[in-house]
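Asker: A structural model of the following input is requested.
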Amino acid sequence: MCGIVGLYLKNPALESKLGELFEPMLIAMTDRGPDSAGFAIYGDEVAEGSIKLTLRHPDDEYDWEGLADALRHSLRKELSWMQNANVTVFKVNGTEAEIRGWLEENAPDVLILSVGQSIEILKEVGLPEKIAGKFNLKNMKGSHIIGHTRMATESAVTMEGSHPFSTGMDLCLVHNGSLSNHNRLRDKLKREGIEFETENDSEVAAGYLTWRLRSGDSLKEALEHALEDLDGFFTFTIGTRDGFAVMRDPIACKPAVLAETDDYVAMASEYQALTTLPGIENAKVWEPEPATFYIWERSA
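Answerer: Numbers count the residues shown, from 1 in each chain. Next comes the predicted model:
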């Protein structure tokens, strides 16, 4: 049993309050996932030709400034960075391949949590309230955010096993449920060039979507294929640079509720996580249908 929450702002005037609106939603899912929690927030985009990397090191005193200076000097790149607890976001003019390759060779103990132009992922072991406080969630700004509270069932309680999982540029996924064919899919996806950091079945689902998108699918087409190829029980919320999506398996035994107003779209495993949102009493509220997905994205 895990908890999922998501908030997509249709009204840009609310973007300065995204973290403030989202924090009570995440904390409300504590009973569904007291082991670890995390979230992926979208905003503060970098320009074309640059990327953002969310980097983590277990040592709170890690020398991020030294790492940034070494990368600048070695690759002759423009780089700015900001630290949040033991996680740091690097903004670099360059490609994912060259920056990731340099980090893997020169800082193998640094974990890359996400890469993109908009996404930042923060996650840790512990109660959701603790994680929200550690990363100062309530003061974060952005256009949309998805989060997860985990009750470990198929693996140990570790930061690596916590959600969200990101396997491609600006793409991430959170999952309540379990996949029965993840081992076979993992082997297939590895042959297609998808890399995995854990044995978690949810990371396989994220990797599957990355593969479909790299193969030329739209998000809609990727989710249509996912309904055919992923076996098991799942409620997914997927984050992209432009928005988010929600999908349930054909049996739909994992709970989910959606709410929409003129200002936002919100998703949660339980309605109680939505009750603090402004105007929720007048929102359109419904349960997502089985074998169905819903997508909200900014227009290009």
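Asker: give me every residue that touches Gly177.
Answerer: 232-235, 249, 253-254 (Cβ atoms under 8 Å, 6 or more residues apart in numbering). The C-beta positions use only the backbone N, C-alpha and C, and glycine is treated the same way.
Asker: if we go to 7 Å?
Answerer: The neighbours of Gly177, taking Cβ atoms under 7 Å, 6 or more residues apart in numbering as the test, are 232-235, 254.
Asker: Take the residues you listed and write them to JSON lines, including distance to Gly168, neighbour count and secondary structure.
Answerer: Formatted as JSON lines, these follow (distance: Cβ to Cβ, whole Å; neighbours: other Cβ atoms under 10 Å; DSSP: H, G, I helix; E, B strand; the rest coil):
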{"residue": "Gly232", "distance to Gly168": "21", "neighbour count": "15", "secondary structure": "strand"}
{"residue": "Phe233", "distance to Gly168": "24", "neighbour count": "17", "secondary structure": "strand"}
{"residue": "Phe234", "distance to Gly168": "19", "neighbour count": "23", "secondary structure": "strand"}
{"residue": "Thr235", "distance to Gly168": "21", "neighbour count": "22", "secondary structure": "strand"}
{"residue": "Lys254", "distance to Gly168": "24", "neighbour count": "19", "secondary structure": "coil"}
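Asker: out of these, who's nearest Lys10?
Answerer: Closest approach between the contacts of Gly177 and Lys10, by Cβ to Cβ: Thr235, at 22.2 Å.
Asker: so the closest one touches Asn176, yeah?
Answerer: Yes: between Thr235 and Asn176 there is a contact under Cβ atoms under 7 Å: 4.8 Å.
Asker: shared neighbours, those two?
Answerer: Taking Cβ under 7 Å, 6+ apart as the contact rule, Thr235 and Asn176 both touch 4, 254.
Asker: Longest helix in the protein, please.
Answerer: The longest helix of the chain (DSSP state H) is helix 201-214.
Asker: for that helix, packing partners?
Answerer: strand 165-168, strand 171-179, helix 182-191, helix 219-229 (3 or more Cβ pairs under 7 Å, 6 or more residues apart in numbering; DSSP states H and E).
Asker: Please tabulate those in CSV, including the columns distance to Ala70 and mean pLDDT.
Answerer: Below are those laid out as CSV (distance: least, Cβ to Cβ, whole Å; pLDDT from 0 to 100):
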stretch, distance to Ala70, mean pLDDT
strand 165-168, 24, 92
strand 171-179, 28, 93
helix 182-191, 31, 94
helix 219-229, 37, 96
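Asker: tell me the two of the contacts of Gly177 that are most distant?
Answerer: Across these, the longest distance by Cβ to Cβ is 11.1 Å; it joins Gly232 and Thr235.
Asker: so which of the helices and strands packed on helix 201-214 comes closest to Glu15?
Answerer: Once the helices and strands packed on helix 201-214 are compared by Cβ to Cβ, strand 171-179 is nearest, at 18.9 Å.
Asker: in that closest one, what's buried?
Answerer: Using 16 or more other Cβ atoms under 10 Å as the test for burial, strand 171-179 gives 171-177, 179.
Asker: May I have that strand exported as CSV, CA atoms only?
Answerer: Provided in CSV are the C-alpha atoms of strand 171-179 (Å, rounded to 0.1, in the frame of the first residue of the first chain):
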residue,chain,number,x,y,z
LEU,A,171,9.9,12.0,-17.3
CYS,A,172,9.1,10.5,-14.0
LEU,A,173,6.5,8.0,-12.5
VAL,A,174,5.0,7.1,-9.2
HIS,A,175,3.1,3.8,-8.7
ASN,A,176,0.8,2.2,-6.3
GLY,A,177,0.6,-1.6,-7.0
SER,A,178,2.8,-4.3,-8.4
LEU,A,179,3.8,-5.5,-11.8
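Asker: What strands line up against that strand, and which way round?
Answerer: Under the criterion DSSP bridges, strand 171-179 sits next to strand 165-168 (antiparallel), strand 232-239 (antiparallel) in its sheet.
Asker: what's the closest of those to Gly101?
Answerer: Using Cβ to Cβ as the measure, strand 165-168 is the one of those that comes nearest Gly101, at 16.4 Å.
Asker: is Val285 in a bridge, and if so with what?
Answerer: Note on Val285: beta-bridge partners by DSSP bridges are Ala259.
Asker: same question, Asn84
Answerer: Asn84 has these beta-bridge partners by DSSP bridges: Val87.
Asker: For it, give me its contacts.
Answerer: Shown in contact with Asn84 (Cβ under 7 Å, 6+ apart): 122, 135-136.
Asker: Give me the subset of those lying in strands.
Answerer: Secondary structure defined by DSSP state E assigns Leu122 of the contacts of Asn84 to strands.
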